[in-house]
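Trainee: This is the structure alone, sequence omitted:
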């Protein structure tokens with residue numbers, strides 16, 4: 001019985017630490033989205049022509065890249081072409097991007113990691129509450 005109690009206590013400590021880590025990452029993701037929305041709003045308010053030009057240039061480049069993948073004989077920007085890197089910097093500064101799609105670090109694949117995350121999320125659902133004013137949990 002003591003061994004079982006010790007195992008449960010250790011497991012709860014691990015889940016608590018894991019929950020703290022997940023909550024910190026989630027808060028950072030929310031902050032990143034809020035900052036991006038503020039940048040986008042400010043850009044549209046201060047310079048609607050710049051925002052429109054950046055959006056149209058981005059759509060045109062994406063359309064060209066998509067057309068290249070549909071038909072490989074069409075041109076694709078070369079690696080020494082700095083257009084994609086430069087436009088990315090402008091789009092991020094103007095808040096015209098999705099910060100949740102950006103990858104900052106990579107790790108090797110961990111076996112069963114998605115399953116563990118899923119089970120952890122299911123165990124935490126009872127603690128979440130819907131707030132109609134925020135539209136989030």
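Mentor: Happy to help now that I have it. From a predicted model like this one, the values you see are computed outputs, not experimental measurements. Numbering: from 1, shown residues only.
Trainee: And the residue nearest the centre of this protein?
Mentor: With distances taken as C-alpha atoms, centre = their mean, residue 100 lies nearest the centre of the chain, 1.2 Å away.
Trainee: Name the nearest residue to that one, ignoring sequence neighbours.
Mentor: Among residues not flanking residue 100 along the chain, residue 29 sits closest, at 6.1 Å (C-beta to C-beta, 6 or more residues apart in numbering). Quick note: C-beta positions are derived from backbone N, CA and C, even for glycine.
Trainee: can you pull the pLDDT of that neighbour?
Mentor: Residue 29 carries a pLDDT value of 90.
Trainee: That one in helix, strand or coil?
Mentor: Three-state call for residue 29 (DSSP: H, G, I helix; E, B strand; the rest coil): helix.
Trainee: Report the separation between it and residue 69.
Mentor: Per C-beta to C-beta, to the nearest Å, residue 29 is found 29 Å from residue 69.
Trainee: cool, and residue 123?
Mentor: Distance from residue 123 to residue 69, by C-beta to C-beta: 41 Å.
Trainee: and what of residue 18?
Mentor: 39 Å.
Trainee: out of the two, which sits in the more crowded spot?
Mentor: Between residue 18 and residue 69, counting by other C-beta atoms under 10 Å, residue 18 is the more crowded of the two (13 against 9).
Trainee: excluding its backbone neighbours, what's nearest that one?
Mentor: residue 120 (6.6 Å).
Trainee: What is the helix or strand harbouring that neighbour packed up against?
Mentor: For residue 120, the host element (DSSP states H and E) is helix 113-124. Counting contacts by 3 or more C-beta pairs under 8 Å, 6 or more residues apart in numbering; DSSP states H and E, helix 113-124 is packed against helix 2-46.
Trainee: could you point out which element follows the helix it packs on?
Mentor: Counting by DSSP H and E, what follows helix 2-46 is helix 48-70.
Trainee: Who are the packing partners of the following helix or strand past that following helix?
Mentor: Where DSSP H and E defines the elements, the next helix or strand beyond helix 48-70 is helix 83-93. Applying 3+ C-beta pairs under 8 Å, 6+ apart, we find helix 83-93 packed against helix 48-70.
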